[in-house]
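Novice: Have a look; sequence and predicted model below, questions after that.
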Amino acid sequence: MSEPPRSESPSPYDLFLIPPPPPLSPEDGLWLLRVACETLQRHFQGLGSEDPAHRPGPVGQPASVFVSVYSSGSLRGCLGALEPSEPIWRSVQRMVLAAASVDPRFEPIQASETGTLSVEITVLGPRTDLPRTTPEDTLRAIRIGEHGLSVRAEGRSGLLLPQVGSRWGWDARRFLEETCKKAGLPGDAWLLIETEVRAFQGIKFHGDVGPSGLAGESSQLV
């Protein structure tokens, strides 16, 4: 009697799962965008931030948050709160102000730009270690357009959001290399076992800032 065929063990990339971001609804995203827009408007008026009316649900949970501010479609600031230690809405307030005023790569945004601005909020799920059994397994575990990446080594760290890889048309290797470079590391630093390499998912909300508030919005799981 012949033995039944042996099933091959699944590769690490086949088993690689990443926890999703918080279950924010489109309505939650619209509310967060309004918080960001109102925070910017108060900033341009020389006023401090004001806590919004309470909203139940996941917006009150802690999570990692990145906020990007664009003027006429060009990036004018992008900063994030990576360690989830406060409610999402509070991180949105802090990060939209920081992106607009203290991102060292850009000049502070001026009130005269208000009508040209748009805001992108990306709320991240937990970061998860990528498979490191072989470089091929690491590369095959990455899904461009769905996964963001972070690296850490030698006291340096870098992170690129999920939408960056698809925006530039990178493959997995290029995405890893660019994340390493973002950290100030050599592009091939991800190959070193001592380099921490993680992936994550996120949900993105985008809104245009009009003279009197939010002018339009969209959401997308990335």
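Specialist: The structure has been received and is ready for your questions.

Novice: Would you mind confirming that Pro108 is in contact with Leu97?
Specialist: No - using C-beta atoms under 8 Å, Pro108 makes no contact with Leu97, being 10.4 Å away. All C-beta atoms are positioned from the backbone trio N, CA, C, and that covers glycine.

Novice: Comparing the two, which residue is more hemmed in?
Specialist: Counted by other C-beta atoms under 10 Å, Pro108 and Leu97 do not tie: Leu97 has more neighbours, with 21 against 10.

Novice: So that one sits against Phe44, correct?
Specialist: No - counting by C-beta under 8 Å, Leu97 does not reach Phe44; the two are 10.7 Å apart.

Novice: so what does whichever strand or helix holds Gln41 touch, helix or strand wise?
Specialist: Using DSSP states H and E, Gln41 sits in helix 26-44. Applying 3 or more C-beta pairs under 8 Å, 6 or more residues apart in numbering; DSSP states H and E, one finds that helix 26-44 contacts helix 88-101, strand 117-124, strand 202-210, strand 213-221.

Novice: List the neighbours of the first one that are in contact with it.
Specialist: Residues external to helix 88-101 that are found in contact with it (C-beta atoms under 8 Å, 6 or more residues apart in numbering): 22, 24, 31-32, 35-36, 39-40, 43, 49, 52, 55, 58-69, 76-81, 84, 108-109, 119, 121, 123.

Novice: In strands only, show me those residues.
Specialist: The strands, defined by DSSP state E, take in 64-69, 76-81, 119, 121, 123 from the contacts of helix 88-101.

Novice: Filter those residues down to just the buried residues.
Specialist: 64-69, 76-81, 119, 121, 123 (16 or more other C-beta atoms under 10 Å).

Novice: so what are the domain limits for the protein?
Specialist: What automatic domain parsing lists as the domains of the chain is 26-48+58-125+202-221, 127-200.

Novice: what's the spacing between the last one and its chain's center?
Specialist: To tie it back to what came earlier, the one meant is domain 127-200. How far domain 127-200 lies from its chain's middle: 14 Å, per C-alpha atoms, centre = their mean, to the nearest Å.

Novice: Tell me the span between the first and last residue of that domain.
Specialist: One end of domain 127-200 sits 5 Å from the other (C-alpha to C-alpha, to the nearest Å).

Novice: for this structure, what are the low-confidence residue spans?
Specialist: 1-15, 210-222 (pLDDT under 70).

Novice: what about Leu191, how many residues close to it?
Specialist: Using other C-beta under 10 Å, Leu191 has 14 other residues around it.

Novice: Am I right that Val67 is in contact with Gly80?
Specialist: Yes - at 7.1 Å, Val67 and Gly80 qualify as touching, with contact defined as C-beta under 8 Å.

Novice: Quick check: neighbours shared by these two?
Specialist: Met95, Thr122.

Novice: follow-up on the earlier one: would you convert the helices and strands packed on helix 26-44 into a markdown table that also reports distance to Leu161?
Specialist: Compiled in a markdown table, the helices and strands packed on helix 26-44 are given as follows (distance: least, C-beta to C-beta, whole Å):
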| stretch | distance to Leu161 |
| --- | --- |
| helix 88-101 | 13 |
| strand 117-124 | 5 |
| strand 202-210 | 6 |
| strand 213-221 | 12 |
